[in-house]
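> take a look and give me a structure for this.
(chains A and B)
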Amino acid sequence: MEKLKEVRNYLVIHNGNIQTQQIQDHIEINENNIIIYDSTQLQIIYTSNECQLFNVFIDIKKNINVDLIEIYQLQNQSQYQKEINIEQNSHVTRYVENDCLDGQYILHDHVQVGQDASIDCAYVELSNYSTKSKMKYDLNKPGARALVRLASLASNEKKKEYQISLCHHAPNTYGDMDNYGVVKSHSSLIIDGIGKIEKGNYQSDTHQTNKIIVFDDGCIAEANPYLYIDEYDVKASHGASVGKIDEDHLYYLQSRGLTKQDAMHLVTYGYFLPVLNFIHVDSLKDRFNEVLKEKVGL
Amino acid sequence: MSTLKIENLHVSIEDREIVKGIDLEINTGEIHALMGPNGNGKSTLLSTIMGHPKYKVTQGKMTLDGQDVLSMSVDERSRAGIFLGMQYPQEIPGVITSDFLRAAMNAHQEKPVSLFKFIKELDKNIEDLKMNENLAHRYLNEGFSGGEKKRNEILQMKLLQPKFALLDEIDSGLDVDALKIVAKAINDMKSDTFGCVMVSHYERLFELVPPTHVHVLVDGKIVLSGGRELIDKIDQEGYEWVKELGYEINEGENKQPIVLGSCGHKVKAE
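Numbering: from 1, shown residues only, chains lettered A, B, ... in the order given. Model (predicted):
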């Protein structure tokens, strides 16, 4: 994928090493450590053709706003382990898209959120590949906040598994995740959502919604919410649903001439569309819209 | 001219027969009013014509210009020119109304409609129906008032230009002004290539959209067909007089009483 035109900073990381860099402002690179010290936008493309584990560290300094756009275009069984540290009072909007080429891909994403810092992150997982990914958000200091949205489409006999955790390590922290999936054509999709509030971390909120639509027979779908709460003075909620598209909705759409397939695609498109709320860059909005239409078959 | 022909139609839901042998022929250029007490099969008939999977046709034929309608899927019936304006339109969260409308228009055309033409047509019809233009950008019917939903049905009818529109209590939920707007939209559609079946309980709609044919449907059968004089009679006398003609009126579904069993579980009474 090429550089988005509005984005000032662009990196290509190939097999764990920075291969291309077009850095205009506010970013320092020290081997595989990326340090962002003032408000900016950064687009990173991850590529690989080796079956290995690669590490990347991103350090976001305090009191800044950052748009982080990450696209994976991996081959073979690559594994990326990523650490992101968000310091005090900074805000990050993050868009992570898998545009993998083949094979199975594994992502271990570990995000640490500091005092009064926040992150809104969308994972866009529409490509035709298998994955086993873990995303962990540690809310380390009071006022830390994480909003996570997963949009995952599993098709063509692929297996996708996600474990997404919101871990509250301080009082007055807020975590919310909406994990949405569609599974079709003999595929498997398993989403584990984990909310964890340790003792003493009062006035914290942890919420999660996990929803999977099953298109056809022969698929495996699991949406598993877990809440581990060891404190009374908190708010917590979880919801999980796995099921077919509402038959009455399908009938209504078909009664206007849409084939069953088209009706299902339209519902899927709408189901994933709220990811747009996580995108601030106009050309990325257009790209996401195009990718979504292509992948859901509109 | 197109013809929708129904012969000896019997329809059941969960082994209970609702429609018990209906014959009806509708030509384009005609407006048919279908009246009858609640629970006697009017909505079932319209939903069956559209192909709702809940209703099983146990006997009879239905053709559109000689083509077998019963063997068509719901979407094929729509593309063949049948439109059902529903009594209770579905709310579909996530599906944006304008995306849906464009997809529906495309489904009826060989070549996709251009964005420019679609917006132009949509804007014009939204203005004609005096709808809130924001509705097109909201999720389909979600949070729409009863009147907005009904106008949205009429909007779809106008965009899709069907041969036959089946309008199921399209006047319910509409205030007087909205009813006039909807009636005008139906009247504007009138032509030699458009036919319509309207179900309503109220004379007011039929005053605004005068039907060419009126049918009274009781206990799953059309017991009487005629002209506007039937509407006046029903408006003044209700349906009691139908019994004098020797027909029984289905007083509605025979719902079994629900009693609470142990621990508050609902159980059906024997």
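> can we go C-alpha only for contacts and neighbour counts from here?
Noted.
> give me the contact list for stretch A:95-105.
A:68-79, A:121-132, A:278-279 (CA atoms under 8 Å, 6 or more residues apart in numbering or on different chains).
> ugh, wrong one, I meant stretch B:64-77
Stretch B:64-77 is contacted by residues A:251, A:254-260, B:2-5, B:49-52, B:61-63 when judged by CA under 8 Å, 6+ apart.
> in strands, which of these fall?
B:3, B:4, B:5, B:61, B:62, B:63 (DSSP state E).
> so the fourth one sits against residue B:11, correct?
Translated: residue B:61. No: contact criterion CA atoms under 8 Å: residue B:61 and residue B:11 do not qualify, at 11.2 Å.
> picking up where we left off before, could you flag which of the contacts of stretch A:95-105 are buried?
Among the contacts of stretch A:95-105, the ones that count as buried by 16 or more other CA atoms under 10 Å in any protein chain shown are A:68-79, A:121-132, A:278-279.
> same for chain B: which of the residues you listed are within range?
Among the buried ones among the contacts of stretch A:95-105, no residue sits close to chain B (CA under 8 Å from any CA of the partner chain).
> strands - which of these land there?
Counting by DSSP E, these place A:68-74, A:79, A:121-125, A:130-132 in strands.
> got the CA coordinates for stretch A:256-269 in PDB?
Extracted C-alpha coordinates of stretch A:256-269, given in PDB (Å, rounded to 0.1, in the frame of the first residue of the first chain):
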ATOM      1  CA  ARG A 256     -37.300  -4.700  -2.500                       C
ATOM      2  CA  GLY A 257     -35.500  -6.900  -5.000                       C
ATOM      3  CA  LEU A 258     -32.200  -7.600  -3.300                       C
ATOM      4  CA  THR A 259     -31.100 -11.200  -3.600                       C
ATOM      5  CA  LYS A 260     -30.500 -13.000  -0.300                       C
ATOM      6  CA  GLN A 261     -26.800 -12.700  -1.000                       C
ATOM      7  CA  ASP A 262     -27.000  -9.000  -1.700                       C
ATOM      8  CA  ALA A 263     -29.200  -8.500   1.400                       C
ATOM      9  CA  MET A 264     -26.700 -10.300   3.600                       C
ATOM     10  CA  HIS A 265     -23.800  -8.200   2.100                       C
ATOM     11  CA  LEU A 266     -25.700  -5.000   2.800                       C
ATOM     12  CA  VAL A 267     -26.300  -6.000   6.400                       C
ATOM     13  CA  THR A 268     -22.600  -7.000   6.800                       C
ATOM     14  CA  TYR A 269     -21.500  -3.700   5.300                       C
END
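> is chain B within reach of that stretch?
Yes: contact between stretch A:256-269 and chain B, assessed by CA under 8 Å from any CA, occurs at A:256, A:257, A:258, A:259, A:260, A:266, A:267, A:269.
> which parts of the stretch 101-250 of chain B sit against chain A?
Contact residues, the stretch 101-250 of chain B versus chain A (CA under 8 Å from any CA): B:103, B:104, B:107, B:108.
> for the spatially most distant residue from the centre of chain A, what are its contacts?
Distance from the centre of chain A peaks at residue A:255, with 35.2 Å (CA atoms, centre = their mean). By CA under 8 Å, 6+ apart, the residues touching residue A:255 are B:50, B:74, B:75, B:77, B:78, B:83, B:84.
> can you pull out the helices in chain A?
With DSSP state H applied, chain A shows helices at A:247-254, A:260-272, A:282-296, listed in chain order.
> could the ones you listed be laid out in CSV, adding distance to residue A:53?
Compiled in CSV, the helices of chain A are given as follows (distance: least, CA to CA, whole Å):
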stretch, distance to residue A:53
helix A:247-254, 44
helix A:260-272, 30
helix A:282-296, 28
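> may I see those helices organised as TSV, with mean neighbour count and mean pLDDT added?
Formatted as TSV, the helices of chain A follow (neighbours: other CA atoms under 10 Å in any protein chain shown; pLDDT from 0 to 100):
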stretch	mean neighbour count	mean pLDDT
helix A:247-254	20	94
helix A:260-272	21	89
helix A:282-296	15	85
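> so which of the ones you listed comes closest to residue B:94?
Using CA to CA as the measure, helix A:260-272 is the one of those that comes nearest residue B:94, at 4.2 Å.
> pLDDT score assigned to the residue most central in space within chain A?
Nearest to the mean C-alpha position of chain A, counting by CA atoms, centre = their mean, stands residue A:123 at 1.9 Å. Note for residue A:123: predicted pLDDT of 94.
> quick check: the gap between it and chain B.
Shown here: residue A:123 relative to chain B, a distance of 18 Å by CA to the nearest CA, to the nearest Å.
> so what pairs up with that residue in the strands?
Residue A:123 has these beta-bridge partners by DSSP bridges: residue A:96, residue A:150.
> wait, it touches residue A:149, no?
Yes: between residue A:123 and residue A:149 there is a contact at 6.2 Å, judged by CA under 8 Å.
> which SSE is residue B:98 in?
Assigned by DSSP states H and E, residue B:98 belongs to helix B:97-107.
> over to residue B:183?
Going by DSSP H and E, residue B:183 is part of helix B:176-189.
> check which helices and strands that helix is in contact with.
helix B:146-160, helix B:203-208 (3 or more CA pairs under 8 Å, 6 or more residues apart in numbering or on different chains; DSSP states H and E).
> in JSON lines, list these along with mean pLDDT.
Output for the helices and strands packed on helix B:176-189, formatted as JSON lines (pLDDT from 0 to 100):
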{"stretch": "helix B:146-160", "mean pLDDT": "95"}
{"stretch": "helix B:203-208", "mean pLDDT": "92"}
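> ranking these by burial, who's on top?
Greatest average neighbour count among the helices and strands packed on helix B:176-189 goes to helix B:146-160 (a mean of 22), per mean count of other CA atoms under 10 Å in any protein chain shown.
> which SSE is immediately downstream of that helix?
From helix B:146-160, the next helix or strand downstream (DSSP H and E) is strand B:164-168.
> what helices or strands is that next one leaning on?
Secondary-structure packing of strand B:164-168 (3+ CA pairs under 8 Å, 6+ apart): helix B:42-50, strand B:82-85, strand B:195-199.
> can you redo these as TSV with mean pLDDT and mean neighbour count?
TSV is the format used below for those (pLDDT from 0 to 100; neighbours: other CA atoms under 10 Å in any protein chain shown):
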stretch	mean pLDDT	mean neighbour count
helix B:42-50	96	22
strand B:82-85	98	27
strand B:195-199	96	24
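> just the element for residue B:57, please.
strand B:56-64.
> so what are the sheet partners of that strand and their directions?
strand B:3-13 (antiparallel), strand B:67-68 (antiparallel).
> of those strands, which is nearest residue A:92?
strand B:3-13 (55.1 Å).
> quick check: buried residues in that closest one?
Across strand B:3-13, burial judged by 16+ other CA under 10 Å covers B:3, B:4, B:5, B:6, B:8, B:9, B:10, B:11, B:12.
> tell me the angle it makes with helix B:42-50.
Angle of strand B:3-13 versus helix B:42-50, following axes from the mean of the first three to the mean of the last three CA atoms, to 10 degrees, is 120 degrees.
> mean confidence score for strand B:3-13?
In this model, strand B:3-13 has a mean pLDDT of 96.
> what does that strand contact?
B:17-28, B:44-45, B:48, B:54-65, B:164.
> how does it look with 6 Å?
Residues lying outside strand B:3-13 but in contact with it, judged by CA atoms under 6 Å, 6 or more residues apart in numbering or on different chains, are B:17-27, B:55-65.
> what about the closest residue to residue B:250 other than its chain neighbours, how many neighbours?
In space, and not counting its chain neighbours, residue B:250 is closest to residue B:219: 5.3 Å by CA to CA, 6 or more residues apart in numbering or on different chains. Close neighbours of residue B:219, defined as other CA atoms under 10 Å in any protein chain shown, add up to 23.
> what's residue B:219 sitting at in phi/psi?
phi 50, psi 40 (degrees, to the nearest 10).
> mind checking pLDDT for it?
For residue B:219, the pLDDT comes out at 91.
> contacts only, for it.
B:40, B:249, B:250.
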